[in-house]
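A.B. asks: quick one: sequence plus predicted model below, questions after.
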Amino acid sequence: TRAIERLHLLFRESDREPASNSLLASLWPTLKLELDSPGLNCKVTRHTGQSTDNVQPVTNNTAIDIYQLRLPATWRQPGSGKGSVDPLPESISTSPPGMQKGPHEDPQGSGGDQIASGGKQQNSPSGDARKIGILFHRTLQRLAIDGVEHWHAARVQQQSQVWHRQLSAQGLEDCDKAIASLNTALHNCLEDSLNRWLFDPRLDDSACELALGYVDQLGRPRTAVIDRTFIYNNERWIIDYKLATPESMQSRDDFITGQIQQYTPQLSLYASLFAQMSTVPIKTALYFPLLPHLEIIEIK
């Protein structure tokens, strides 16, 4: 994904140069200079690593994502209000000159969703809803790679444990509530007999979290991230996941109508990008795991 305002780069510092085939190696010529003499827009914090002597080995062969956290258990994301790491000064931004967010630019960027009511982002100064949405997108990406049949009850339970570790590490206060929503959404995806075919990895040209670069009307480079796409019955499907639900006094139909109005421009952009690459007819849709519901949207 792309940095919206700040970029936090975590890595293990060594006396030796990074391995030539590592991602760190490509950054090292510039990064090493910043470590030796940090510039105005860079802050370096060195942490004492947490011992991994008690980490239990993974004994099963499932494709579940297991993360070993090497930062101290007390570490929290800067600005979360829970850790001892000071946030960067407000004046520091990762946006190059002339690239700061404008009034009509989506501050969330691509590649994340929120658990919210009525399609509105919940009030969360630490961006908890976005963190939850990103984790769920990753889970659906794994689901579409493996196939629904490989997600049995034991694996779903393991996934809940992974979510809990990841959200706790990011400083989320109410992990239980978030995980309950994530479990409901995942259960709905697995049990949705009408629409779980969307996660079939055997679909032609199947892809998840597909990043497409383009240049906007102001000549600025942008990246659109497609949640789910494939070709079925000679049509290119473009699907955007939405974890939103209707508000307490809102009807399901009104909610769907509002979501269509809100996200049709975004789907139109995605469709135009694919139309530049292929003449295959395009079909776009929104999928709501918490309902569950698939809404096909006609792009004119």
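C.D. replies: Nice, thanks for sending it over. Numbers count the residues shown, from 1 in each chain.
A.B. asks: for this protein, which residues score under the pLDDT cut-off?
C.D. replies: Applying pLDDT under 70 to the chain flags residues 1-2, 49-126.
A.B. asks: all strands of it, in order?
C.D. replies: Here the chain has its strands, by DSSP state E, at 116-117, 204-215, 221-232, 235-241, 244-245, 282-288, 293-297.
A.B. asks: looking at the ones you listed, which is buried most?
C.D. replies: Counting by mean count of other Cβ atoms under 10 Å, strand 244-245 has the highest mean neighbour count of those, with a mean of 22. For glycine as for every other residue, the C-beta is placed from the backbone atoms N, C-alpha and C.
A.B. asks: list the helices and strands it packs on?
C.D. replies: strand 116-117, helix 252-275 (3 or more Cβ pairs under 8 Å, 6 or more residues apart in numbering; DSSP states H and E).
A.B. asks: state the distance from Leu286 to Glu209.
C.D. replies: From Leu286 across to Glu209, the span is 16 Å (Cβ to Cβ, to the nearest Å).
A.B. asks: rewinding a little: what's the closest of the helices and strands packed on strand 244-245 to Trp28?
C.D. replies: helix 252-275 (33.2 Å; Cβ to Cβ).
A.B. asks: for the closest one, packing partners?
C.D. replies: Contacts defined by 3+ Cβ pairs under 8 Å, 6+ apart place helix 252-275 against strand 204-215, strand 221-232, strand 235-241, strand 244-245, strand 282-288, strand 293-297.
A.B. asks: tilt between that helix and strand 235-241?
C.D. replies: In terms of direction (axes from the mean of the first three to the mean of the last three Cα atoms, to 10 degrees), helix 252-275 departs from strand 235-241 by 130 degrees.
A.B. asks: gap between Glu149 and Gln158?
C.D. replies: Taken as Cβ to Cβ, the span from Glu149 to Gln158 is 16 Å.
A.B. asks: same question, Ile282
C.D. replies: Remark: distance between Ile282 and Gln158 (Cβ to Cβ) = 37 Å.
A.B. asks: and Trp197, by the same measure?
C.D. replies: The separation that Trp197 has from Gln158, given Cβ to Cβ, amounts to 24 Å.
A.B. asks: picking that back up, higher neighbour count, Glu149 and Gln158?
C.D. replies: Remark: of Glu149 and Gln158, Gln158 carries more neighbours, 16 against 9, as counted by other Cβ atoms under 10 Å.
A.B. asks: related to what we said a few turns ago, and among the helices and strands packed on strand 244-245, the most buried is which?
C.D. replies: When the helices and strands packed on strand 244-245 are compared using mean count of other Cβ under 10 Å, strand 116-117 is most buried, at a mean of 17.
A.B. asks: circling back: quick one: closest of the helices and strands packed on helix 252-275 to Ala154.
C.D. replies: strand 204-215 (23.1 Å).
A.B. asks: relative orientation of the closest one and strand 235-241 in degrees?
C.D. replies: Using the same axes, to 10 degrees: strand 204-215 against strand 235-241 is 70 degrees.
A.B. asks: got the CA coordinates for strand 204-215 in PDB?
C.D. replies: Provided in PDB are the C-alpha atoms of strand 204-215 (Å, rounded to 0.1, in the frame of the first residue of the first chain):
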ATOM      1  CA  ASP A 204      -9.900 -17.300 -15.100                       C
ATOM      2  CA  ASP A 205      -7.400 -14.500 -14.500                       C
ATOM      3  CA  SER A 206      -8.200 -14.600 -10.800                       C
ATOM      4  CA  ALA A 207      -6.600 -11.800  -8.700                       C
ATOM      5  CA  CYS A 208      -7.000 -10.100  -5.300                       C
ATOM      6  CA  GLU A 209      -5.700  -6.800  -4.100                       C
ATOM      7  CA  LEU A 210      -4.600  -6.100  -7.700                       C
ATOM      8  CA  ALA A 211      -2.700  -2.800  -7.900                       C
ATOM      9  CA  LEU A 212      -3.100  -0.800 -11.100                       C
ATOM     10  CA  GLY A 213      -1.100   2.400 -11.700                       C
ATOM     11  CA  TYR A 214      -2.600   5.400 -13.600                       C
ATOM     12  CA  VAL A 215      -2.200   9.200 -13.900                       C
END
